[in-house]
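In: Have a look at this fold, sequence not included:
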C-alpha cells in the first residue's frame, strides 16, 4: 500500500480547514453569485473584499472574495489550529522543513502564520477568529443551496505521493485513495483532520492548482434546487458536472464554476472518520465508478481546469494524465 | 402555431394510457429486474408472461413481460376508455379512418379492441380490467424506485405533424411542443388525456418505435436511490441518461434500459393540465434547455435507440435529424 | 355501502375547484403571510383585495384576500367548468333544485354564476379566467413552501349524507369515506372531479363552515422547510397540526392557521383517481389511523374550529361528535 | 454560566461513543425489529446475543441485543478510546475518583475496561474492535430507516450539574444546555467528543436511566419512510414522538420504542462542533421551542419513561420535574 501510516501524534494540531481567499475581477458580480445564487451570508464588505460565512458556521468567514487584477487565482488556503501554541509549533515545524514562514495580520483573526507546503501552496494557520452569533436556526435567512459549512479543498499536485507524505507528517490521515497499479504510485488521495472524508484532497495533474473548494448542504434536494435556480437565472453555463454520486467518498455532488472560473463543489453524504484505525479505501485507477458511481463520464474540463495559487509555480505532473480521461 | 386546436368533444372518450406489453428474451431475468430493481409487484405469472402493477394502481397490470423470440420489440400500447360504449364508438372511428380493428381476448380484461394508429403503432383499447385491492399503504411491499403508476408513452414518429393530428382528432391535447422554425413543422409534441403533461408523446425519428415508457415515483430521492442500487448491483451499464430536469414538462427524470433494451423513464414533477383552455408551451428546436434544463447533453444513444413495434414497418423521418443532436 | 353510485354523466361538467375568497382584517399582514411565508405570487392588488396564484397555475387567481369587517369568514368557493355552456346548464340545474342563482361580475373572470349548495355554501362557477404566462420554471420566484396549485376544499357539514348526495348528483365522485357502523351513516367523504383524491371533502360537524383549503407542494421537505420558517419568524402559534400522514388519502400533511384563523392545509402525496370504476375506500370511524396513519392524535381545535361562510346559517351536526375526538 | 469550561487536555482521550448492550425478552422478536424495521445488519448471532452494525460503520457492533430475564434494562454504554494507552490512563483516572474498574473480556473487542460514572452508569472503554469491510456502498443491503451510524446516548440524571462536571473532567464538551434561571442549575446538557452536538446528553429526572440511544440517518425522508413502515406493519404503538425538529441541536427527530421499551431516536441534521472555542448555546427552561422548534408538545411518557441500567440504583431528581412538562 502506497499510503503512509497515519501520524497520530503530530507536532502540532491542525483542527480543520477553515477558509479560502479567491481573487475575483468584479466584486459586485461575485458577491451576487455567492449570496443570491449560493446563499452565503455577508459578514463584512469593503470596496476590495467581501467576507462570507455559511449558515451553521460561527467563525467570521469561510470565503473571502478579493478584488484583484489577477482574477481566477487563489490567494491562500486557511486552516484553524486546536490552540494558540500550535501556531508556534507549526512555525518551528515548517521552518525545519525549509518552508518560508511569516506572521501576518489578517482582519477578524488572531495571530496568523503564513507558510507554504512542499509544492508551494500558500497556507495560513490561525487559532482565533472572531466568533459570531449562531444563525443556523434563522430560517428566513436561508437562500440558494443553503450552504451549511465549508467542507474541503481539492488541489492538483504534480506529485501526489510527495503531497500525501508531506501532509501525513503533520497529521492528515488518508481515508480513500486511487492507486496506479502499474507504477504503484498514488494517483489521488483524500485526507482529513476533522472527522469526515477530507479536509484536503490531492489529484494528479499540473500543480499546484486549486481544483475546487467544497461546501456542505443538507440534502440532495438542495442541490437540485440550485440546479433549477442556476438554469433559469442565466447561469446554466456555470454548471460543469453533476449531479451525481462519487464512488470515492460516496458524496452526492455538483460542480459549478463561479464568475471567475473558481470551481465550487456542492456536496452531501460523506461518512464519519474519527477512528484512528480507520482503514483507507483503495480504488483502482481503471475503475470508472470511483469517479461516478452511476457511470456518467465527467467532462474534459473537470480533469483539466484548475485555478492557480498566487506565487506558486505550476509544474507538469510526473505521471501520464491519460488514464483518468479515457472513457 | 403548428399545433391543431384540441378536439374537446371527441367521438369516443379515451381515459388514459394503461399498459404496455414488452417482448423479452429471458423472462426470469426480466422479472428480477422489474421486481427487485424497479420494485413492481407481480399480479400473475406463467411460463410465458409476467403481469406487473405499480404501487398505487388498482387495475391488474401496467406492464406485461412476454417471453418472445423477438425480444426487444413491443407488442402493443394499451389504453382504457371511459365506458364500454366508447369501445364500440372507437371501433367505428378507427374503421372510418381505414385502420384495421378486431376484438381480441386479453386475460384480466373485458372486451378489448385492437387497432393501430396512422403510422402502424398497435393500440389496444379496453374499459374493464380486473380490479385489485389497494396496496399503496402496504409500505412493507415498497422496493426499488417505489413506482407508483404508469405515466406515459413516448414514441418516435417519422411524421410528428401527422401523428399529432391523428391523436388530436380523438381528443388528445398538446401541452408542450418543439417547432422547427425554418420549416414550421413539429419536431416533437406532448399530448395528454388524463390531466398531466402527457399520456403520449411523439419525437421526430425513424418510426414508429417506442422511445420509452415512463413511471411515476414520489420524489427525486427515489430516483437517486435507484441509481445507487443499480450502480452497485451490476446494472451500471443500464443507466443511460440522468438524473436531470427536462425543460419540457419540467420533469425530474432518469432513463434506464431494461435487460432487452426497452427504455424506461423514471419520472416525477410534472403539472396539472385539466384545463381545456391550457395554452401549449412552445419550445424552439435550437434551445438546448428544452431537453435538459441544466444543460448537460444527452448521449447519442438516447436520440437514436428505440424499440420496434411488432408488425409495424419503420420508416425514416421526413425531417433532418441533425438539429437535436448538435451540441 | 352508504356511498351513492357516481353520476358519470352529470347535467353539467365541473372541471375542478378553482379559488377561494377569504375575508381578512389586515390586508397587509395577510399579504405578507401568504407571500413571504407561504410563497404565493401576487397577480393583482388594490386597497381592498389581493389576488394570488400558486407557481404552476396559469389562471389569474386561486386565492383572493378581501379586506372585510367580518374577518375570518369565507366569501365563496370557486369552481371552473369545462366550457361556457356548462354555466347555463348549471344555472338550470341549481334552479331546478331550488337553489338561488345569479350572474355576477368578477374581475379577471368571464361570466360567473353564483349559487349555493344544499346547506348554503356560496359557490361560484365560471369557465373563463384571465390566463397568465407560465412561471413554474422561474425558480428565482419560488419562496416559502413553494405552493404549486390549489388542491381541495374541506368543509364541515351538519349532514354529510345529504352533502355527498347533492354533489354526487352533479358528478363529484367519492374516493374515500368514513362510515359510522352503528348508524350506517357517512361521517366524512372525499369527492373529486379533477382526478386526485378530492376537490371537495365533507366532515361531520356544525356547518356549513370551511375546515380548510389545501395547496399542493412538491415534496415533504418543503413542508419541513415551512415549519422551520414559521417556527423562527414568530408564527409558531399558527402551526396547528402535523406534519403527518393521513390514513385517508395517504396525504403527507401540515395544517396551519392564517392570521385570521383560516385553516390552510399544505399537502403532497395523493394518488390518481381518473378511473370511473375506482372503488371508494371505506374507513371505520373507530380506526384512529384513518386520521393519522402514524397514530398521533390531532388537537381538539382541529375537530372544532372552522370558518363560517358569509350568509350561510350554521346548524349543529345531526350526529354525535364524540367518536372522532375520543382518544 | 453554570457550564464548566471545557477540559481541552483530559487525562485520557475518549474518541466517541461506540455501542450499547440492551437486555431483551424475546431475542427473535427484537432481531426482527432491529433488522426488518430499522434496517441494521447482523454481524454475529447466537442463542443469547445478536450483534448489529449500521451501514457506514466498520466496527463490529454498535448494538448488542442480549436475551435476559431483566428485559428493558441496559447492560452498559460503550466508548472507544483514541489508543490502547488511553485505556490504562482511564483505569488510573476512574480509580482515582473512587470508581470501580475491572478489565473484562468482550467478544470482538480488545482489552476492555469496565467502570461506572458518578451516578452509577456502567461504562465500558476499549480501543480495538474487530473491523469489518465497508458496506456503505452495497445499496442492496439498505432497509428500513437506513441507519448510518450510532450517534449519541441520552440519560436521565438526578443531578445534571454533577454529571456534566464529571464528564467535563475527562474531556466531554458542552454544546447546548438548558438552565433553570431561578436556581441557576443545569436542567439538561448536551456533550460531545467526536465533533457533533453530542455523544452523551443528560436530562433532569430520576436516574440514572437511559432516555434513548440515537442513530443517524441520511435525510428526513428516511424518517418518514420509517413512520409509514411502522404504521402499516403493526408497530404504530411503538411510535412515541415526532417527527419534529428540536430547538436544541436543530435535529430532525423521531422517537420510537423497541419491543422491550428501549427508546430509540432516529435523527439527522445536527452541526459540526470540532472548534474547541465553540460557545455553548443556552436555552431557557421556559422556552417551549427548545424541545420542539415547531411547538408541538411531547407526550408525558417521553418525559417520564426511561430504562434502568443493570446494577445502578435509581435516585429521584433533586429538582422539581414540573417545568418541562408544563404546557
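Out: Yep, that arrived. Small disclaimer: the values here were computed from a predicted structure and weren't measured. Residues are numbered from 1 along each chain as shown, chains lettered A, B, ... in the order given.
In: Name the SS class of the residue nearest the centre of chain A, please.
Out: The centroid of chain A falls nearest to residue A:153 when counting by Cα atoms, centre = their mean (1.2 Å). For residue A:153, the assignment made with DSSP: H, G, I helix; E, B strand; the rest coil gives strand.
In: Report the contact partners of it.
Out: A:17, A:20, A:77, A:199, A:200, A:201, A:210, A:212, A:213, A:214 (Cβ atoms under 8 Å, 6 or more residues apart in numbering or on different chains). (C-beta placed from N, C-alpha, C; glycine too.)
In: Reformat the residues you listed as TSV; add pLDDT, neighbour count and secondary structure.
Out: TSV is the format used below for the contacts of residue A:153 (pLDDT from 0 to 100; neighbours: other Cβ atoms under 10 Å in any protein chain shown; DSSP: H, G, I helix; E, B strand; the rest coil):
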residue	pLDDT	neighbour count	secondary structure
A:17	98	23	strand
A:20	98	21	strand
A:77	98	24	strand
A:199	98	25	coil
A:200	98	24	strand
A:201	98	28	strand
A:210	98	22	strand
A:212	98	26	strand
A:213	98	25	strand
A:214	98	24	strand
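In: Could you show which parts of chain A are in contact with chain C?
Out: Chain A comes close to chain C at residues A:137, A:138, A:139, A:140, A:219, A:221, A:225, A:228, A:229, A:231, A:232, A:233, as judged by Cβ under 8 Å from any Cβ of the partner chain.
In: Surely the last one is in contact with residue C:141?
Out: Pointing back at residue A:233 there. No: between residue A:233 and residue C:141 there is no contact under Cβ atoms under 8 Å: 10.4 Å.
In: Just give me the neighbour total for residue A:250.
Out: Using other Cβ atoms under 10 Å in any protein chain shown, residue A:250 is surrounded by 19 other residues.
In: do the same with residue A:93
Out: 18.
In: Name the residues that touch the strand or helix carrying it?
Out: Element membership for residue A:93, per DSSP states H and E: helix A:84-96. Applying Cβ under 8 Å, 6+ apart, the contact partners of helix A:84-96 are A:11-14, A:81, A:100-101, A:103, A:110-111, A:113, A:115, A:125-128, A:170.
In: dump the residue contacts of the residue of the stretch 151-300 of chain A found nearest chain C.
Out: Nearest residue of the stretch 151-300 of chain A to chain C, counting by Cβ to the nearest Cβ: residue A:228, 4.2 Å away. Contacts for residue A:228 (Cβ under 8 Å, 6+ apart) come out as B:245, B:293, B:294, C:137, C:139.
In: Looking at those residues, which one is closest to chain D?
Out: Nearest member of these to chain D, counting by Cβ to the nearest Cβ, is residue B:245, at 18.9 Å.
In: Assess the claim that that closest one and residue B:294 are in contact.
Out: Yes: the pair formed by residue B:245 and residue B:294 meets the contact definition of Cβ under 8 Å, at 5.9 Å.
In: Neighbours of the closest residue to residue A:203 other than its chain neighbours, how many?
Out: Nearest residue to residue A:203 in three dimensions, chain neighbours excluded: residue A:188, at 4.5 Å (Cβ to Cβ, 6 or more residues apart in numbering or on different chains). The tally of other residues near residue A:188 (other Cβ under 10 Å) stands at 26.
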